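1. model the structure of this input:
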Amino acid sequence: MMIKIELVIDENKYNVTNDIVNIAEIKTTYRRSDFGEVIRSASDTFEFAGKAYDLIKNEYLTNYLDASAIIIISLSNNIFSYDEKYRNHLDFTTLQDDGMIITLYTQDDSLARKIKDNKSQMYDIPVYDINKGEYLFYERMELINKCSWYLYLDVMGKGEYFMQATMPNYNTHNVSIPLAIDSYNFETQYATFHDVYNNSPSLFFIEVNEDHSFYFDFDLKVTLTDFTPYEGQSPDKFVNLRMIRSYKVNDRDVNEVISGLGTGNLKKGDIVHYKTDKNKSYSFKAGDKIRFYLYSEYYSVSLKLYDVKSLNVTSLHRNENINIDIVTPLSLLSSIIKNIAGGNIPCEIRGTSFNSIMMCAAESIRGISEAKFHTSFSKFCDWMNCFGYAYSIQSKNGIETVVFDKRSSFYDDSDITEIREISNFRLVVNKNIIYSGVEVGYEKNDYDEVNGRYEFNVKNSFNTGAKGEDKILKLISPFRADSYGIEFLSQERNDTENSDSDNDIFFIGIINSGNNKFIVDRSLSIAGSIPTGSNPKYKAFNAMFSPRHMLLHNIDYIGCCTKSLIFTATEGNADISINGVSEKTAINILEKERLFRVETINVETPNINNKNINPYGLILFKNNGLIYKGYINDLTEDISVNMSEYELICKSIT
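-> Sure, this is the predicted structure:
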């Protein structure tokens, strides 16, 4: 016969091929999972009669629920022997006996089964359980601190304000412009901010507490509508807006007009646009006071101020560096699998790219001592998939091992098996892998609006130009890489109150400094929409995980349905360039870069062609003058009729 079925009981093998009642229903399969691993399986129900019935019943009666037996299926080869195709344990808790036939199911207690049953199960993994002393010496980012004011004046009309000012005396020619604080997020140790209006205790809207630099973004229009000179005074006098710095020298007050922060002289009826250079930095010393006022040599003036776009002062600020507990991706993976399997299982992440990545829990960033990772194997897989990785379960020296590798490793062009005899050829286009667009990156997070608008690790959208249904491929990482998110959580250091981000997991590109100390990798240049004047040493990071970089890791898969990816939209900041390449730059995909085409091919062939087949290699056959190559998506071997049904992912047609 072409098939041999054996029972293994107490290390003894018995050929029971002729005693399997349902032998005509037994099939073995190779099935690809999510365009990654190819899994081998077989029928899970066996009906035993004759000698096999006696062997099974004796084992059960002797050992009761501790009974044990293995079933092995082998197929004949061309050298008068058999190749094993499948083996598994029989589950005696499923035993059914009608006196003539015993029915048993196979016992699938494999690691693959455990992972399948628990893939989406969430686990809380204490950081201290898997941290091996590694920590991130986090050099904090420079953030923009901002204070905004509005004009505290009588409103003339929509967006128009009226100011009537009378000079205190002939020798005093200035009156502060009335301002009221609208909003601020400043670190108060650097400066104190004030309202300035009638009866307010201060003439100065800023008092500098420590040496610091500020940016002024004032943008409004002003018109001198009327004036009244002093008695006998010439009407040709000065009126303008100024900003001054007041400081002491030998206990003497000095008022200095700040260059670039004033207007020219106002003439009656003229429109003057008062606009400062918001990208210019002004340095101040501790004790300096800053005032925004109207200078007038007239007795009284009337002004109209309008089209007020901004009255803002900003500054760059960096908090103290901190240490954050971190773990390797492999440590996190191993712990997840340990929870699923109930014991230690070898794990492996192939390639060098993940050697420069560390994971950290949001609670670790906040400095919470009982920090934990809250995640599942499904989330870990989704994260790895975003960078073109998939997993398989491999046997190494008889030990099951979870291995993550590049998706391309599951498609081996170098090993080709030719099928010379085929029937029932059928080719169809698989619409499920034709995408009209791609959403790539990270879910949006609520940020401080001043700084968070610069975050570039957000969700971006690209168009493929593919015809067909409106179908979007989503490459959205469940783990976060937003540097501003890390910085904002660092500001909550040692705050024990619950945060909406407590269950989030971050990953960070790092550089190993030795002795378990790591620092943030800021080696990639970032240009474009970033804070003005920021020090590159303390800039945003994780540029290597940007949405565009994520796309580049997946063009071998996406390329099956398109030759290009065109940027269409962003939920954050895409106006940046990384190492000189804009995040909006189109991506062209060459034919040689794609893993496969969109067609699925079905053929039938005798089992004899399946001997020692590489489940990841190419299958080649000829039909009607064309050569077809493809990878196994599904291979079902019907042992009773000695036929196999192939479903192939098409690689090429020539």
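
2. in the protein, where's the longest strand?
-> Ranked by number of residues, the top strand in the chain under DSSP state E is strand 300-318.

3. what segments of the stretch 451-600 of the chain are helices?
-> Along the stretch 451-600 of the chain, counting by DSSP state H, counting those that start in this stretch, helices occupy 483-490, 547-552, 555-558.

4. could I have the longest one exported to PDB, CA atoms only?
-> The C-alpha coordinates for helix 483-490 follow below in PDB (Å, rounded to 0.1, in the frame of the first residue of the first chain):
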ATOM      1  CA  SER A 483       8.800  60.400  21.800                       C
ATOM      2  CA  TYR A 484       6.500  63.200  23.000                       C
ATOM      3  CA  GLY A 485       4.300  60.600  24.600                       C
ATOM      4  CA  ILE A 486       7.400  59.300  26.500                       C
ATOM      5  CA  GLU A 487       8.300  62.800  27.500                       C
ATOM      6  CA  PHE A 488       4.900  63.800  28.700                       C
ATOM      7  CA  LEU A 489       4.700  60.600  30.800                       C
ATOM      8  CA  SER A 490       8.100  61.500  32.300                       C
END
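
5. name the helices or strands packed onto that helix?
-> The contact analysis (3 or more Cβ pairs under 8 Å, 6 or more residues apart in numbering; DSSP states H and E) places helix 483-490 against helix 362-365, helix 449-452, strand 505-514. In short, each C-beta sits where N, CA and C put it, glycine included.

6. quick one: which of those is nearest H374?
-> Judged by Cβ to Cβ, the one of those that comes nearest to H374 is strand 505-514, at 7.5 Å.

7. got a list of contacts for the lowest-mean-pLDDT helix or strand in the chain?
-> Least confident helix or strand, the chain: strand 154-157 with a mean of 75, by mean pLDDT, DSSP states H and E. Residues outside strand 154-157 that contact it (Cβ atoms under 8 Å, 6 or more residues apart in numbering) are Y161, F162, M163, K304, Y306.

8. show me just the buried residues among these.
-> Y161, M163, K304, Y306 (16 or more other Cβ atoms under 10 Å).

9. farthest pair in these?
-> Among the buried ones among the contacts of strand 154-157, M163 and Y306 lie farthest apart (Cβ to Cβ), at 11.0 Å.

10. ranking the helices and strands packed on helix 483-490 by mean pLDDT, which is last?
-> Lowest mean pLDDT within those: helix 449-452, at a mean of 79.

11. please work out which residues outside that one touch it.
-> Applying Cβ under 8 Å, 6+ apart, the set of residues contacting helix 449-452 is L143, I144, N145, K146, N185, T314, N445, D446, Y484, E487, F488, P531.

12. one more time with 7 Å
-> L143, I144, K146, N185, Y484 (Cβ atoms under 7 Å, 6 or more residues apart in numbering).

13. got it, and stretch 12-26?
-> Counting by Cβ under 7 Å, 6+ apart, residues outside stretch 12-26 touching it are 1, 3-7, 42-43, 45-53, 55, 73, 101, 639-640.

14. run the chain-centre distance for that stretch.
-> Chain-centre distance of stretch 12-26: 51 Å, with Cα atoms, centre = their mean, to the nearest Å.

15. right, and Y138 touches N321 too?
-> Yes: the criterion here is Cβ atoms under 7 Å, and Y138 meets it with N321 at 6.1 Å.

16. what about the two, which has more around it?
-> Y138 (23 against 12; other Cβ atoms under 10 Å).

17. could I get the contacting residues of that one?
-> N321, I322, I324, S490, V520.

18. could you redo the last one with a cut-off of 6 Å?
-> I322, I324 (Cβ atoms under 6 Å, 6 or more residues apart in numbering).

19. beta partners for it?
-> Listed by DSSP bridges, the beta-bridge partners for Y138 are I322.

20. same check, this time on S148
-> So, taking DSSP bridges as the rule, S148 has S183, N312 as bridge partners.

21. next, count neighbours for it.
-> Using other Cβ under 10 Å, S148 has 18 other residues around it.

22. contacting residues around it?
-> D182, S183, N312.

23. distance of it relative to I3?
-> 80 Å (Cβ to Cβ, to the nearest Å).

24. flag the shaky bits of the stretch 351-500 of the chain, pLDDT-wise.
-> Counting by pLDDT under 70, the stretch 351-500 of the chain shows low-confidence ranges at 448-449, 495-496, 498-499.

25. for V301, which non-adjacent residue is spatially closest?
-> Nearest residue to V301, sequence neighbours excluded (Cβ to Cβ, 6 or more residues apart in numbering): F227, at 4.6 Å.

26. let me redo that: D219
-> K309 (4.0 Å).

27. re earlier: which of the contacts of helix 449-452 fall in strands?
-> L143, I144, K146.

28. any idea which of the residues you listed is closest to T352?
-> Ranking these by separation from T352, with Cβ to Cβ as the measure, puts L143 on top at 33.0 Å.

29. which residues touch the closest one?
-> Per Cβ under 6 Å, 6+ apart, neighbours of L143: H317, N451.

30. what about the residue lying closest to N430 once chain neighbours are set aside, how many neighbours?
-> Nearest residue to N430 in three dimensions, chain neighbours excluded: T600, at 4.9 Å (Cβ to Cβ, 6+ apart). By other Cβ under 10 Å, 20 other residues sit near T600.

31. with N397 instead?
-> Neighbour tally, N397, other Cβ under 10 Å: 6.

32. do the same with S392
-> Applying other Cβ under 10 Å, we find 18 residues neighbouring S392.

33. where's it relative to S33, distance?
-> Counting by Cβ to Cβ, the gap from S392 to S33 is 9 Å.

34. so for L95, which of the helices and strands packed on helix 483-490 sits nearest?
-> strand 505-514 (45.1 Å).

35. what's that closest one in contact with?
-> With Cβ under 6 Å, 6+ apart, strand 505-514 has contacts from 356-360, 373, 375, 479-481, 486, 518-519, 521, 542, 544.

36. would you list every one of the strands in the stretch 451-600 of the chain?
-> Ranges of strands in the stretch 451-600 of the chain, per DSSP state E, counting those that start in this stretch, are 460-463, 472-477, 505-514, 517-520, 526-528, 564-570, 576-578, 581-582, 587-588, 599-606.

37. export the ones you listed as JSON lines, with columns for distance to V16.
-> Shown next, in JSON lines, are these (distance: least, Cβ to Cβ, whole Å):
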{"stretch": "strand 460-463", "distance to V16": "57"}
{"stretch": "strand 472-477", "distance to V16": "49"}
{"stretch": "strand 505-514", "distance to V16": "51"}
{"stretch": "strand 517-520", "distance to V16": "58"}
{"stretch": "strand 526-528", "distance to V16": "68"}
{"stretch": "strand 564-570", "distance to V16": "56"}
{"stretch": "strand 576-578", "distance to V16": "64"}
{"stretch": "strand 581-582", "distance to V16": "64"}
{"stretch": "strand 587-588", "distance to V16": "57"}
{"stretch": "strand 599-606", "distance to V16": "25"}
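
38. so which of the ones you listed is the most surrounded?
-> Ranked by mean neighbour count, the strands of the stretch 451-600 of the chain are led by strand 460-463 with a mean of 22 (mean count of other Cβ atoms under 10 Å).

39. could you list every helix and strand in contact with that strand?
-> Applying 3 or more Cβ pairs under 6 Å, 6 or more residues apart in numbering; DSSP states H and E, we find strand 460-463 packed against strand 437-442, strand 564-570.
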